[in-house]
Every structure is written in C-alpha cells, then in structure tokens.
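Enquirer: Coordinates for the following, if possible.
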Amino acid sequence: MSGHVEITEKRNGNIDIVTVKGRLDAGSSETAQERINGGVLDAGGRNLLVNLCELDYISSSGLRVLLATLKRLKADGGGALRIACAQPQILEVFTMAGGFHRIFLLSPDEATALAGFPAGGP
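Expert: Now for the predicted structure:
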C-alpha cells in the first residue's frame, strides 16, 4: 500500500535541496520525479541535494527516481547530486539494491552533504 509523501524544495546558494518525507514508493515516485524534474532540473538546477533524513521507506521505484535524476544531470552537461540520509533502513535498501551506495554520494545529514559540493559548483 502506498503511503503519504511530502516533498519540499528550497535553495541554498547555487544548490537546490529537495526534501522527501514519508514513503517513496510506487505510489509516490511519479510525484517525486515530476517535482525534481519540473521544479529543479527543468529550471536549470545543476547542484542537487536530496534530503532523505525523514524518509521512512524507499522502494525500487524510489531508487529509480534517484537514478534517473543522476543520469539526467550527467546527460545535461554535468552537475552534482548528493543524498543526505542517516536512516539505517533506507541505507540498507541502497546497499542491498545492487550497490546503489557506491553510485550515489551519501552523507549522514544535510549540512555534511552541503559541505561536499564543490565551491562555485558546475
């Protein structure tokens, strides 16, 4: 069963921050993809931090949203994607899903993720 998802967007300098709370599953992944593409990437965002620190659950559909976002950033001429998450159950999914923990730059919190972006950024 699909649960509730809350997605918010904000900017910190040249970094777009998308916070996802609740459940990122088959029922909410399309909404998340539209918000990330329409709200951030279509508007020219190239430095993206996805904050999953308050995410309760992520399915393979949610992982596909993140992977598609990373691929689009690379295809559009580069950019940076970092993920903030310290939730053990979410990190376990990244690890068990074929090494997603090696594909994405993961940080334990938003402040650490922000500090990981290059100064000036792409």
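
Enquirer: give me the number of residues near residue 36?
Expert: Number of residues near residue 36 (other C-beta atoms under 10 Å) recorded here: 25. (Each C-beta comes from the backbone N, C-alpha and C, glycine too.)

Enquirer: Now do the contacts for residue 96.
Expert: Under the criterion of C-beta atoms under 8 Å, 6 or more residues apart in numbering, residue 96 has no contact partners.

Enquirer: how near is it to residue 74?
Expert: Distance of residue 96 to residue 74, computed by C-beta to C-beta, to the nearest Å: 24 Å.

Enquirer: Check which helices and strands the longest strand seen in the chain sits against.
Expert: Counting by DSSP state E, the longest strand found in the chain is strand 15-24. Secondary structure elements in contact with strand 15-24, counted by 3 or more C-beta pairs under 8 Å, 6 or more residues apart in numbering; DSSP states H and E, are strand 5-12, helix 29-36, strand 47-51, strand 55-58, helix 60-75, helix 110-115.

Enquirer: angle of the first one against strand 47-51?
Expert: Read it as strand 5-12. 140 degrees (axes from the mean of the first three to the mean of the last three C-alpha atoms, to 10 degrees).

Enquirer: Show me the shaky parts of this protein.
Expert: When residues are selected by pLDDT under 70, those of the chain lie in 1-3, 120-122.

Enquirer: residue closest to the middle of it?
Expert: Nearest to the mean C-alpha position of the chain, by C-alpha atoms, centre = their mean, lies residue 50 at 3.1 Å.
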